[in-house]
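predicted model follows, preceded by the sequence.
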Amino acid sequence: MTVDSDLKKFQLRIKELEETCDQCIKSEQMLRRSNQTIKSILAHSAIGFGLVENQTLVEVNEAMRKLFGFDQKTDYQGMGLGALYSAGADLENASCRIEETLRGGEVVQLDATFRRKDGTTFPGHLKISTLDPANPMRRAVISVSDISWRKKVEAELMEKEKLQGVIEMAGAICHELNQPIQVATLEFSQVLEDPDLAPKLRADLAKVKRQIDKIGAITGKLMRITRYETREYIEGKKIIDIDRASGLSP
């Protein structure tokens, strides 16, 4: 009975171990498939991802390679995170804030100008998440996306806002000036038609009327403004180029 009992226990234990091994194999297979899926996602992602260890890059995905022009691993492996910046000082100045944010378990997000391998630059959005909040840059994941399109849209929106402001100001100026200009033009015309007007006075009044006519022409240009154009003024300042803004010159 003792031998049979021990044998049964042994067989039961063997079965438990086999089941445990089967479960481990299944878990390993699931993990391998999961890793392959993640690698596939990262490989086909349009966003650049990189793994940082001890503040240096050790691995990047294909999008990151293309974004920065990396041809081979030696182009980036061992590269400090600051080397990706167009101005490394920007990252140094923000390093304390970045580390504090990561220690708090939050994701760092910031816009910056990045530098490619060939020296050209592009505006990008950086995200940093740490795998070890106690020592944030010991092991972290970064992502960089090109935001040139966003910057272009923002610039276009700003130009539209500037143009709207110019058009509104021009409209207000024209509204305030047109009536006194019309009255002055009419009065001068009537005076100049007087046959008894002294020649010297006629000539002087005609000069004044020509200047008023010029003011009227300027208000006409202001009313035709359709785009935001500037020109250099004094002391490095810029003013609206009325002729170009109204389409009267290229």
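Structure's in. What do you need? Worth saying up front: this structure is predicted, and the values here are computed from it rather than measured.

CA atoms for contacts and neighbours, from now on please.
Noted.

wait, V58 sits on T74?
No. Using CA atoms under 8 Å, V58 is not in contact with T74; the gap is 9.8 Å.

quick one, which of those two is more surrounded?
Neighbours were counted for V58 and for T74 using other CA atoms under 10 Å; V58 has more, 17 against 10.

so the more buried one, which state does it fall into?
strand (DSSP: H, G, I helix; E, B strand; the rest coil).

what pairs with the lengthiest strand in the chain, parallel or antiparallel?
The residue-count maximum for a strand in the chain (DSSP state E) belongs to strand 121-130. With DSSP bridges as the test, strand 121-130 is paired with strand 108-115 (antiparallel), strand 139-146 (antiparallel).

which one of these lies nearest to E156?
Between E156 and these, the tightest spacing by CA to CA is seen for strand 139-146, at 17.6 Å.

pLDDT (mean, whole number) over the closest one?
For strand 139-146, the mean pLDDT works out to 86.

tilt between the next helix or strand after that strand and strand 121-130?
Once the chain leaves strand 139-146, the next helix or strand it forms, by DSSP states H and E, is helix 148-192. Helix 148-192 runs at 130 degrees relative to strand 121-130, counting by axes from the mean of the first three to the mean of the last three CA atoms, to 10 degrees.

show me what helix 148-192 is packed up against.
If contacts are counted by 3 or more CA pairs under 8 Å, 6 or more residues apart in numbering; DSSP states H and E, helix 148-192 sits against strand 121-130, helix 199-223.

point out where this structure drops to low pLDDT.
Along the chain, segments meeting pLDDT under 70 span 1-46, 87-96, 250.

so what are the domain limits for it?
The chain resolves into domains spanning 45-146, 152-245 when parsed by automatic domain parsing.
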